[in-house]
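> From the sequence below, what's the structure:
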Amino acid sequence: MFIEFHRNMLGDHVRNQAFYDALKQVIKPGMRVVDLGAGTGLLGFMARQLGAAEVYLIDHGPVLQLAEELAADNNIDGMVFLPEHSTSVFELPPCDVVISETLGNYAFEEHLIENLNDARRFLKPGGVMMPASIKQWIAPVTSAVHYEPLCVWDQVGFQLNYQRARYMSLNNLYVRTFKPEHLLAQNDAQRCWDKADFNQSDLVPSLRHNVQRWTLQQNQTIYGFASWWHSELAPGVHLGTAPDAPATHWEQLYFPTEAPLTLQSGDVLELEIHSDTRYEVGSHLRWSTRHFDPQGVLQSQFDQDVELGTIAPVE
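Next up, the predicted model:
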């Protein structure tokens, strides 16, 4: 039932406080605010409490009816409820702020880029997007804690071969919690592999591509990569999902390798990520992992594609 999804979000006090602090900084009396993917209405209600004159809550899911009832229960006026996807909404008066907390464990899996690209038409000149920007980070994983459970197919026994199922498990993305000690411990291990500034007029496209390389400073076994995001909601107000950040209802994303990679000091580890979050595609990621020796000779390569796996499970 949809309420469980929203219960998780509303129980995330780190998230709620960060958005309240950001809105408090941005909202001025009399402003018009648009909330895309409004859900139960919390962010819109906050905006109204902070002085917004009108708030347009847009959501094409059944939860918007609940938001309307909650507004009545709490005597919150100035709300306009639009039960449609934001791309189907037209003829709004020019607005001062667009909010969209449609963030996933993979930051853009709920079409945040596409939605905010379209929503720019709602803004007055000089209007504000929230979040203001997002950076996505990645680091190699040196712990087998999340890798080993994906390989239970090797122990099925009874003289049965389940390698096809193992292959599917490893061509997948997983929502997992990492600790800092699970990640490669060297100064350049954590890399920003993607970023978007939503207050720029030329928003980044929905097709993403990035290559990162690490030169190993000691012998290591690599079991994949952990990814997370960091967002500036408003100047000086931040929210993120890093392993060492305050815990939220989001977790990190795990990109496994098809097999553990044993690297020696001086070897080079390369990761190439492709992401496509266009509406007609949904959310599609594929990644290639390459291992080079110090002379640049390719030692091994894994090409993985989430379309070859299944829907990423949450534990």
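
> SS state for residue 61?
Secondary structure, DSSP: H, G, I helix; E, B strand; the rest coil: residue 61 is coil.

> what's the closest non-adjacent residue to it?
residue 2 (6.3 Å; Cβ to Cβ, 6 or more residues apart in numbering). Every residue, glycine included, has its C-beta placed from N, CA and C.

> Counting neighbours, what do you get for that neighbour?
12 (other Cβ atoms under 10 Å).

> go on, the one 3 residues further on?
By other Cβ under 10 Å, 13 other residues sit near residue 5.

> Could I get the average pLDDT for the longest strand along the chain?
Counting residues, the longest strand found in the chain (DSSP state E) is strand 220-234. The average pLDDT within strand 220-234 is 98.

> Just the CA trace of that strand, in CSV.
Extracted C-alpha coordinates of strand 220-234, given in CSV (Å, rounded to 0.1, in the frame of the first residue of the first chain):
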residue,chain,number,x,y,z
GLN,A,220,43.4,-5.0,-2.5
THR,A,221,40.5,-7.2,-3.5
ILE,A,222,37.6,-5.2,-5.0
TYR,A,223,34.0,-6.5,-4.8
GLY,A,224,32.3,-3.7,-6.6
PHE,A,225,31.4,0.0,-6.0
ALA,A,226,29.3,1.9,-3.6
SER,A,227,27.5,5.1,-4.7
TRP,A,228,25.7,7.8,-2.8
TRP,A,229,24.6,11.4,-3.3
HIS,A,230,25.0,14.8,-1.7
SER,A,231,22.6,17.6,-2.3
GLU,A,232,22.6,21.3,-1.6
LEU,A,233,18.9,22.1,-1.0
ALA,A,234,19.5,25.8,-0.6
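
> could you pull out the strands for the stretch 1-150 of the chain?
Using DSSP state E, counting those that start in this stretch, the strands found in the stretch 1-150 of the chain span residues 32-36, 54-58, 79-82, 95-100, 123-130, 133-141.

> Next: the stretch 201-315 of the chain.
Applying DSSP E, counting those that start in this stretch to the stretch 201-315 of the chain gives strands spanning 207-215, 220-234, 237-240, 252-263, 268-276, 284-292, 298-305.

> Single out the most deeply packed of those strands.
With neighbours defined as mean count of other Cβ atoms under 10 Å, those peak in mean count at strand 220-234, which reaches a mean of 23.

> Give the pairing partners of it; include direction for each.
Sheet pairing of strand 220-234 (DSSP bridges) gives strand 133-141 (antiparallel), strand 237-240 (antiparallel), strand 252-263 (antiparallel).

> Please tabulate these in CSV and include mean pLDDT and distance to residue 299 as additional columns.
Formatted as CSV, the strands paired with strand 220-234 follow (pLDDT from 0 to 100; distance: least, Cβ to Cβ, whole Å):
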stretch, mean pLDDT, distance to residue 299
strand 133-141, 97, 16
strand 237-240, 98, 34
strand 252-263, 97, 9
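
> got JSON lines for those strands, with distance to residue 190 too?
Output for these, formatted as JSON lines (distance: least, Cβ to Cβ, whole Å):
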{"stretch": "strand 133-141", "distance to residue 190": "5"}
{"stretch": "strand 237-240", "distance to residue 190": "12"}
{"stretch": "strand 252-263", "distance to residue 190": "12"}
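
> before we move on, back to that, how far out from the middle of the chain is the longest strand of the chain?
Strand 220-234 sits 10 Å away from the centroid of its parent chain (Cα atoms, centre = their mean, to the nearest Å).

> got the angle for it vs strand 95-100?
Counting by axes from the mean of the first three to the mean of the last three Cα atoms, to 10 degrees, strand 220-234 lies at 150 degrees to strand 95-100.

> Would you confirm that residue 181 belongs to a strand?
No. With three-state DSSP as the criterion, residue 181 is helix rather than part of a strand.

> let's number from 576 now, not from 1
Sure, I'll start counting at 576 from here, so that last one is residue 756.

> Give me the neighbour count for the closest residue in space to it that isn't next to it in sequence.
Nearest residue to residue 756, sequence neighbours excluded (Cβ to Cβ, 6+ apart): residue 718, at 7.3 Å. Neighbourhood size, residue 718 [other Cβ under 10 Å]: 16.

> what do you get for residue 764?
Residues contacting residue 764 under the criterion other Cβ under 10 Å number 14.

> Enumerate every residue touching it.
Taking Cβ atoms under 8 Å, 6 or more residues apart in numbering, we find residue 764 in contact with 714-715, 758, 789.

> again with residue 859
Contacts of residue 859 by Cβ under 8 Å, 6+ apart are 850-852, 881-882.

> Including distance to residue 825 and pLDDT, could the residues you listed go into a markdown table?
Formatted as a markdown table, the contacts of residue 859 follow (distance: Cβ to Cβ, whole Å; pLDDT from 0 to 100):
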| residue | distance to residue 825 | pLDDT |
| --- | --- | --- |
| 850 | 17 | 94 |
| 851 | 21 | 93 |
| 852 | 17 | 91 |
| 881 | 18 | 87 |
| 882 | 23 | 75 |
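
> Kindly indicate which of these lies nearest residue 706.
Comparing the contacts of residue 859 against residue 706 with Cβ to Cβ places residue 852 closest, at 15.8 Å.
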